[in-house]
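Participant: Have a look at this prediction, sequence included:
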Amino acid sequence: MKEITATGPSVEEAVQSALTQLKTSRDRAEITIVEEGKKGLFGLFGAKPSIVSVKLKYDPIEESTNFLKKVLKDMNIVAELTTKVEGRNISISIEGEKTALIIGKRGQTLNSLQYLTQIVANRYSNQYLSVVIDAEGYRQKRRETLEHLAERLAQKALKTKQDVHLEPMPSFERKVMHAIISRYSEVETYSVGKEPNRSLVITPKRVKQ
């Protein structure tokens, strides 16, 4: 947190001085009164100024959105961001030029942007936040692709009686695959590896002896 110490004839004036220097409002700051000050005799002799310490509270949503805007700018991409917040879930939709460049091959660039943005959001948050970034409705299209993939690979595991290893996927995509494959009573899934390279394995259920 950015922090400054300010003084003034009164606590309120010291606080206002600090807020002005930080270019913020009272609701975005943590205020600590260091010294309430004294007016002194006749308002002159023995007077002491009030001293306050003010910390700027960062907004994780604002910080993560600004980070994403900067990355897109560095990629020479002109885009508009729409952010929605539901509890601890942050959804950011990107609309603009060069959508294919933002998404990347099989969503790899989009997933990387999402992963980094989530790290930034949680750096400034005192509770865990989940961030999902979409571009031109790609996530819904990807979900449909994952549904077809899950059904095909579940059938493959059943037919070959062997484990089927999938490529690394972000956690929300693995959840989709888990949910779809759970419909098959003869196969199950588990995850291996570490983020961001964690992947899914589909395996036939072993017959209990």
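Facilitator: Arrived safely.
Participant: Where is the longest helix in the chain?
Facilitator: Determined from DSSP state H, the single longest helix within the chain is helix 138-160.
Participant: send the alpha carbons of it over as PDB?
Facilitator: Only the C-alpha atoms of helix 138-160 are listed here, as PDB (Å, rounded to 0.1, in the frame of the first residue of the first chain):
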ATOM      1  CA  TYR A 138     -14.800 -17.800 -27.300                       C
ATOM      2  CA  ARG A 139     -15.400 -19.400 -23.900                       C
ATOM      3  CA  GLN A 140     -18.900 -20.700 -24.900                       C
ATOM      4  CA  LYS A 141     -17.500 -22.100 -28.200                       C
ATOM      5  CA  ARG A 142     -14.600 -23.700 -26.300                       C
ATOM      6  CA  ARG A 143     -17.100 -25.300 -23.900                       C
ATOM      7  CA  GLU A 144     -18.900 -26.900 -26.700                       C
ATOM      8  CA  THR A 145     -15.600 -28.200 -28.100                       C
ATOM      9  CA  LEU A 146     -14.700 -29.600 -24.700                       C
ATOM     10  CA  GLU A 147     -18.000 -31.400 -24.400                       C
ATOM     11  CA  HIS A 148     -17.400 -33.200 -27.700                       C
ATOM     12  CA  LEU A 149     -13.800 -33.900 -26.800                       C
ATOM     13  CA  ALA A 150     -14.800 -35.300 -23.400                       C
ATOM     14  CA  GLU A 151     -17.400 -37.700 -24.900                       C
ATOM     15  CA  ARG A 152     -15.000 -38.900 -27.500                       C
ATOM     16  CA  LEU A 153     -12.100 -39.500 -25.100                       C
ATOM     17  CA  ALA A 154     -14.400 -41.200 -22.500                       C
ATOM     18  CA  GLN A 155     -15.400 -43.600 -25.200                       C
ATOM     19  CA  LYS A 156     -11.800 -44.200 -26.100                       C
ATOM     20  CA  ALA A 157     -10.800 -45.000 -22.500                       C
ATOM     21  CA  LEU A 158     -13.700 -47.500 -22.400                       C
ATOM     22  CA  LYS A 159     -12.800 -49.100 -25.700                       C
ATOM     23  CA  THR A 160      -9.000 -49.400 -25.100                       C
END
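Participant: Determine how far the helix or strand just after it lies from the middle of the whole chain.
Facilitator: Remark: after helix 138-160, the chain's next helix or strand is strand 164-165, criterion DSSP states H and E. With Cα atoms, centre = their mean, to the nearest Å as the basis, strand 164-165 stands 29 Å off its chain's centre.
Participant: go on, stretch 26-43?
Facilitator: With Cα atoms, centre = their mean as the basis, stretch 26-43 stands 37 Å off its chain's centre.
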